[in-house]
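>>> Make a model of this:
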Amino acid sequence: MKIDTIEPTPRFTKNWKRLPEAVQKKTIKTLKMFRSDPFHPSLRLHKLSGNFAEYWSISVGLKYRIIFRMEKGTAILFTIGTHAIYQKM
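Numbering: from 1, shown residues only. Predicted coordinates:
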């Protein structure tokens, strides 16, 4: 998986702005790492299944997840939140 660009959706941006400032900062660091090394173990990158089979997930610390999909080298960030975001999709 090669990440050429990262594009947040309006939904991602809205949810990111609702997070505590410390989590926002950690998210920025996580996305920098993701772009340079998407397979870094701390990201816990994995493909989702079932109704979410077209999406992937990476972790922001232990509590938060970024849900995204890949389109020709572009990671389209769909949403961010706690594990409960899977019920809101």
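>>> I'd like to know how far residue 2 sits from residue 34.
Counting by C-beta to C-beta, to the nearest Å, the gap from residue 2 to residue 34 is 12 Å. For the C-beta atoms, the positions are set from N, CA and C on the backbone; glycine is no exception.
>>> So for these two, which sits in the more crowded spot?
When residue 2 is set against residue 34 and neighbours are counted by other C-beta atoms under 10 Å, the residue ahead is residue 34, at 22 against 9.
>>> Tell me the helix or strand right after the host helix or strand of the more buried one.
Per DSSP states H and E, residue 34 falls inside helix 21-36. Using DSSP H and E, the helix or strand that follows helix 21-36 in sequence is strand 46-47.
>>> what comes into contact with that next one?
53, 55, 56, 57 (C-beta atoms under 8 Å, 6 or more residues apart in numbering).
>>> Partner strands of that strand and their direction?
Strand 46-47 sits in its sheet next to strand 56-60 (antiparallel), going by DSSP bridges.
>>> who's in contact with whatever helix or strand comes next after the strand it pairs with?
On the C-terminal side of strand 56-60, the nearest following helix or strand under DSSP H and E is strand 64-71. For strand 64-71, the external contacting residues (C-beta under 8 Å, 6+ apart) are 1, 12, 19, 23, 26-27, 30-31, 48, 52, 54-60, 75-83, 85-86, 89.
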